[in-house]
Each structure stands twice: as structure tokens, then as C-alpha cells.
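Q: Provide a 3D model corresponding to the input given below.
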Amino acid sequence: MTTSRFDRFKDAGWFEYLKDRDVIVGGAGGIGSFVNFFLSRLGCNIYIYDMDLFEAHNMSGQLVRGKDIGKSKTDVAIEIVKDFSNHSRIEALGEYTEESEFNPIMISCFDNMLARKNMFNNWVKGLTDENKSEAIFIDGRLLAEQYQIFCIRGEDSEAIEAYKQHLFNDSEVEDVECTYKQTTHCAAGIASHMIGFLTNFALGNYSAVPFYYEYITNVNVTIEHNVQSISAIGQE
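A: Numbers count the residues shown, from 1 in each chain. Here you go, the predicted model:
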């Protein structure tokens, strides 16, 4: 693969660390569709888990073309990064379960807590003294105009324990208005922040990799601030 497409940022401190680096992404919808695209622009080897098909309403908040309705989200992700990034190192791996793969860098973009728990538990189980310095788990949770991000480094045992308090059952997730779950600008925004935290991690700039980050687009609107209310929204 030609490297000329990286000429404008190949001297960035994080570039050599992330180019050709394996990254597992859980989800290819509201958050994941943008995360996969952004990772392709960094030259990462991307492995996607998702079993959903695109529906017409997904065009309100996901990186999807009109001709993609009815197609597999992972198939579309592969097509988009090939077309728009000239990137071929991307592979779909199906549904994420308790038996799925571990990788030091894992990004959760799931729309349900069970898959999020499985990915985090597998990540924790896979940590060793040899790989934990290069390990990070990033979890994004999105509502229409509000999002939250958790970043857990493999070497940060306190963050690992603290994050477990933000995992719960899907039955505990608060229902929200079904017609107001996604906006493209916030989906792209959370993905941008998540990749920004990843590049900071690659630089070793851990002070700029927050355990918890929240963004609200319209601060003049009263929004109930609790993790459960937006934990499972983002890629339906």
C-alpha cells in the first residue's frame, strides 16, 4: 500500500505507533461507522464486530450511503474505507461474544451493554505484564446531542475497577424518545474525540486521556445527566 497518503501527518508523534497497529472495534453503526473510517486514515489494521444491517433511519446519524440500506454494516464499513481511504486492512469478524478475540487496543461502540461487558471482560482477561503498557479500552456512549467516553489504560488498575461500576444490565437502561437518538454531527464528534484520546495515548500523553469525558451540544436544554440514560444508544 502506498504511504503517500500519510505525507501530511507522517511526522506526527503518534503516527509510527498507530500505523499498522491492530485495533478491534465493536460496532459499525452510529459511533463505529465513523471510528472505523478515522482509524483507516491512520493506517491501522481494523477488525470489526457487528451483525446489523443498515436501515433507512440510520442515515440520520451514521456514515452510510443511500445505496447501502439493507446491507451489512461491516460490509459497508469495508467498502467505505477502501473507497475513501484507499485502505484494505479491515476485516469483519461477526458477533462479539465471551469467546471473541482480545487485542491490547479495543474500542467499544456497541449499542448494548452485554456486548460492551463481553469486550471489556475479554480485554481485562487478556492483559499481561508484557502487553498492558500498550493496552487501552475506549468506550463511547451516544445520545442525539450528548455523549460520554471512558478511557481505561491497561496499567491503570484503579480505572479498571472504577469502570466496572459503569457496567450494568441492559434492562436498567432508561428509555428515550425513539425518534431522537442520533445526529450525524454528534456521532462524528464522539468518534473524533475517541480517536483523539487514542493518539494522545500513543504519544504517552496520559494526562490528555481522561477516564471520563462528557459533551453536551445544547447546554441550554435540560438533559438528565446519568450514564445509564445514554449507555446503549448510538448505532441502532
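Q: Touching the longest helix along the chain from outside, list them.
A: Counting by DSSP state H, the longest helix found in the chain is helix 184-203. With contacts defined as C-beta atoms under 8 Å, 6 or more residues apart in numbering, helix 184-203 is touched by 12-14, 17-18, 30-31, 33-35, 37-39, 42, 60-63, 105, 107, 136, 138, 140, 142-147, 149, 151, 153, 206, 208-210, 213, 215, 217, 234. Placement of C-beta: from N, CA and C, glycine included.
Q: Report the buried residues of it.
A: For helix 184-203, the neighbour count (16 or more other C-beta atoms under 10 Å) marks 184, 186-191, 193-195, 197-202 as buried.
Q: This structure: strands as residue ranges?
A: Ranges of strands in the chain, per DSSP state E, are 22-26, 45-49, 90-92, 105-108, 136-142, 146-153, 212-216.
Q: Can you list the strands that the last one pairs with?
A: Note on strand 212-216: by DSSP bridges, its sheet partners are strand 146-153 (antiparallel).
Q: How about the second one?
A: Partner strands and pairing direction for strand 45-49 (DSSP bridges) are strand 22-26 (parallel), strand 90-92 (parallel).
Q: Any regions of the chain where pLDDT drops low?
A: Applying pLDDT under 70 to the chain picks out residues 1-3, 173-180, 219-236.
Q: That one: helices as residue ranges?
A: 15-18, 32-42, 73-85, 113-126, 157-164, 184-203, 227-230.
Q: What would the longest one look like as CSV? C-alpha coordinates only.
A: What it means is helix 184-203. Extracted C-alpha coordinates of helix 184-203, given in CSV (Å, rounded to 0.1, in the frame of the first residue of the first chain):
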residue,chain,number,x,y,z
THR,A,184,-24.5,12.9,12.4
HIS,A,185,-22.6,15.8,13.9
CYS,A,186,-22.5,14.2,17.4
ALA,A,187,-21.7,10.7,16.1
ALA,A,188,-18.8,12.2,14.2
GLY,A,189,-17.9,14.3,17.2
ILE,A,190,-17.7,11.4,19.7
ALA,A,191,-15.7,9.3,17.2
SER,A,192,-13.3,12.3,16.7
HIS,A,193,-12.8,12.6,20.5
MET,A,194,-12.2,8.9,20.9
ILE,A,195,-9.6,8.8,18.2
GLY,A,196,-8.0,11.9,19.7
PHE,A,197,-7.7,10.2,23.0
LEU,A,198,-6.1,7.2,21.2
THR,A,199,-3.5,9.4,19.6
ASN,A,200,-2.8,11.0,23.0
PHE,A,201,-2.3,7.5,24.4
ALA,A,202,0.0,6.7,21.5
LEU,A,203,2.1,9.8,22.4
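Q: so that helix versus strand 136-142, what angle?
A: 170 degrees (axes from the mean of the first three to the mean of the last three C-alpha atoms, to 10 degrees).
Q: quick one, helix 184-203 and helix 32-42 angle?
A: Counting by the same axes, to 10 degrees, helix 184-203 lies at 40 degrees to helix 32-42.
Q: How far off centre is helix 184-203?
A: 9 Å (C-alpha atoms, centre = their mean, to the nearest Å).
Q: looking at the helices of the chain, which is buried most?
A: helix 32-42 (a mean of 26; mean count of other C-beta atoms under 10 Å).
Q: Output it as PDB, nothing but the C-alphas.
A: This file holds the C-alpha atoms of helix 32-42, laid out as PDB (Å, rounded to 0.1, in the frame of the first residue of the first chain):
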ATOM      1  CA  GLY A  32     -18.400   2.700  15.000                       C
ATOM      2  CA  SER A  33     -19.000   3.800  11.400                       C
ATOM      3  CA  PHE A  34     -17.000   7.000  12.000                       C
ATOM      4  CA  VAL A  35     -14.400   5.300  14.200                       C
ATOM      5  CA  ASN A  36     -13.600   2.700  11.600                       C
ATOM      6  CA  PHE A  37     -13.300   5.500   8.900                       C
ATOM      7  CA  PHE A  38     -11.000   7.600  11.100                       C
ATOM      8  CA  LEU A  39      -8.800   4.600  12.000                       C
ATOM      9  CA  SER A  40      -8.400   3.800   8.300                       C
ATOM     10  CA  ARG A  41      -7.000   7.300   7.800                       C
ATOM     11  CA  LEU A  42      -4.300   6.500  10.400                       C
END
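Q: No further questions, thank you.
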